[in-house]
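Participant: Fold the following for me, if possible:
(one chain, ligands or ions: 2)
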Amino acid sequence: MTHRQQQAAFLDRDGTVIEDAGYLATLDDIRFLPGAILAIKRLNDAGFLVVIATNQSGVARGYFSESFVLDVHEAMNRQLRSHGAHFDGLYYCPHHVDGSVAEYSRPCECRKPKTGMFQLATRLLGPFSQPSYMFGDRESDMEFARSADLRPCFIGSHRPEIGDVFCHAASLADAVDFVFTAR
Ligand SMILES: [Mg+2]
Ligand SMILES: [Zn+2]
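Facilitator: Numbers count the residues shown, from 1 in each chain. Ligands and ions are numbered 1, 2, ... in the order given. Take a look at the predicted model:
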């Protein structure tokens, strides 16, 4: 069985797609950043596979449960679908080496900047055609991008400290705009 390879757009979640609330407490705290939903729809419509890759160490730290993370992702997907947009995959790492919940307290190959979530997505959705992209607001997102051979797109007002990035923009909307303009 073959399928047409598609480009991938990996997105960090907190601070990139939705407001970084520190650690989300309730579903009511989910706020998409300005222009983010439309940016995701543009990626969908252009044939990109859109994949969330998010570290959720709040699970290991005992701030919320893994089922809460799943509820957040379901709520995000519902909101996206009401705008004709969607995620193709939502992956998260609930682990942290310094956690307080025993079953989640360990180092993990899925925790960014390690590339476990990229490898999982590649198995389930890939392989991806080039160029593919990673959008994120942390240095660890940019390191993840480089290790996974994704073009690093940095979202934020300060200058990224780690090497060169493909794109540096104030928002996901602006970064996606840049990607489409650069093609
Ligand atoms: Mg972030
Ligand atoms: Zn993990």
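
Participant: And the residue of this protein closest to ligand 1?
Facilitator: Distance from ligand 1 to each residue of the chain (CB to the ion) is smallest for residue 15, at 3.6 Å. Quick note: C-beta positions are derived from backbone N, CA and C, even for glycine.

Participant: In contact with that residue: list those residues for me.
Facilitator: Counting by CB atoms under 8 Å, 6 or more residues apart in numbering, residue 15 touches 136-138, 155-156.

Participant: So which of the residues you listed belong to strands?
Facilitator: 136, 155 (DSSP state E).

Participant: what would the contacts of residue 15 look like in TSV with neighbour count?
Facilitator: What follows is the contacts of residue 15, written out as TSV (neighbours: other CB atoms under 10 Å):
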residue	neighbour count
136	31
137	23
138	21
155	26
156	15
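
Participant: So which elements touch the helix ranked longest in the chain?
Facilitator: For the chain, the helix with the greatest residue count under DSSP state H is helix 66-81. Packing partners of helix 66-81 (3 or more CB pairs under 8 Å, 6 or more residues apart in numbering; DSSP states H and E): helix 36-45, strand 89-93.

Participant: Looking at the contacts of residue 15, which is nearest residue 82?
Facilitator: Nearest to residue 82 among those is residue 155, at 23.8 Å by CB to CB.

Participant: contacting residues for the closest one?
Facilitator: Residue 155 touches 12, 15-16, 135-137, 169-172, 175, counting by CB under 8 Å, 6+ apart.

Participant: CA atoms of stretch 172-183 as CSV?
Facilitator: In CSV, the C-alpha atoms belonging to stretch 172-183 read as follows (Å, rounded to 0.1, in the frame of the first residue of the first chain):
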residue,chain,number,x,y,z
LEU,A,172,2.3,31.1,14.5
ALA,A,173,0.2,33.1,12.1
ASP,A,174,3.2,35.2,11.0
ALA,A,175,5.5,32.2,10.8
VAL,A,176,3.0,30.3,8.6
ASP,A,177,2.7,33.4,6.5
PHE,A,178,6.5,33.4,6.1
VAL,A,179,6.5,29.7,5.1
PHE,A,180,3.9,30.2,2.4
THR,A,181,5.7,33.3,1.1
ALA,A,182,9.0,31.6,1.0
ARG,A,183,7.8,28.7,-1.1
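
Participant: Show me the contact partners of that stretch.
Facilitator: Here stretch 172-183 has contacts from 9, 11, 16-17, 33-36, 38-40, 42-43, 46, 133, 135, 153-155, 167, 169, using CB under 8 Å, 6+ apart.

Participant: what do you get for stretch 105-112?
Facilitator: Contacts for stretch 105-112 (CB under 8 Å, 6+ apart): 12, 53, 55, 57, 60, 91, 93, 95-99, 114-117, 120, 136, 138, 140-141, 143-144.

Participant: can you pull the buried residues of that stretch?
Facilitator: 105, 108, 110-112 (16 or more other CB atoms under 10 Å).
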